[in-house]
Structure formats: C-alpha cells, structure tokens
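Novice: just the structure for this:
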Amino acid sequence: MKALLTDKSIFEMQAEICKTLTNPKRIEILNALKTDERTVTDLVNILGASKANVSQHLAVMRHKGILTTRREGVNIFYRVANPKVIEACALMKEVLFEQHAAKRKAVSGA
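Specialist: This is a model prediction of the structure:
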C-alpha cells in the first residue's frame, strides 16, 4: 500500500529543497545547467571555482534529487532533473528584480 503524501510532508520536502538552494554557488551551477548538461570540468571553468568545491555542491544537489547524471566514458555529465526547478529559480529572480525596482522607485520618490 502506497503512503500518501500529506501537506506537512510536502512542506518538509519543499523546505529541504529550498535549504539546498540557499547557497549562491548552487544557484550558479543551476544557471550553468539550465540549457545543457555539463561535466565537472565544464562547470569549474564556467564558475571559476575549484574542482573540489564544485564537486561537493554537485553531490549535495544530486543527493537531493535536483540533479541527475549520466556517464560517458570517463566523463560524468550533470543535468537538472526537472526543468521546473529552473523555472522556479527564474521566477524568484523576477520577484527579486521587481522588489529592487520598487525600492529604487520609492527612494527616488517617483
């Protein structure tokens, strides 16, 4: 018999995903993966971070189900597991830009 997900369990799962995305480097990684899958080396070059640092963030996001991987020879390619994660991040970014614009407008008195 399948266990039913309750509102409480969904909220707890949502909080875990949100906690995972509180690190700016992880959001940068998602941004780098929004259009294509990439290797650790690709991400190191894009982000300008150490391989150890990038690998650590990738492992956390993979463990939480945000990213998936596929192996091709010696390379492991990372991609976003569900494109809605990218949409959610883009929506939040829009909210932040709107808040920033509203604050600037309020300060300028317009």
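Novice: can you point out the buried residues in the lengthiest helix in the chain?
Specialist: Taking DSSP state H as the criterion, the chain has its longest helix at helix 83-108. Judged by neighbour count (16 or more other CB atoms under 10 Å), helix 83-108 contains these buried residues: 85, 89. C-beta here means a position set from N, CA and C on the backbone, and glycine is covered the same way.
Novice: so which elements touch it?
Specialist: helix 24-32 (3 or more CB pairs under 8 Å, 6 or more residues apart in numbering; DSSP states H and E).
Novice: now the helix it packs on against helix 83-108, angle please.
Specialist: 120 degrees (axes from the mean of the first three to the mean of the last three CA atoms, to 10 degrees).
Novice: so after helix 24-32, what's the next helix or strand?
Specialist: Next along the chain after helix 24-32, taking DSSP states H and E as the criterion, comes helix 40-47.
Novice: related to what we said a few turns ago, starting at the chain centroid, how far to the longest helix of the chain?
Specialist: Offset of helix 83-108 from its chain centre (CA atoms, centre = their mean, to the nearest Å): 16 Å.
Novice: got any ranges where this structure has weak pLDDT?
Specialist: For the chain, the stretches with pLDDT under 70 are 1-4, 110.
Novice: who are the contact partners of residue 16?
Specialist: residue 64 (CB atoms under 8 Å, 6 or more residues apart in numbering).
Novice: tilt between the helix or strand where it lies and helix 83-108?
Specialist: Using DSSP H and E, residue 16 maps to helix 7-20. Per the same axes, to 10 degrees, the angle that helix 7-20 makes with helix 83-108 is 70 degrees.
Novice: and helix 7-20, what's buried?
Specialist: Buried, per 16+ other CB under 10 Å, within helix 7-20: residue 20.
Novice: figure out how far it is from the centre of its chain.
Specialist: 15 Å.
Novice: ok, stretch 47-62 next?
Specialist: Counting by CA atoms, centre = their mean, stretch 47-62 comes out at 12 Å from the chain centroid.
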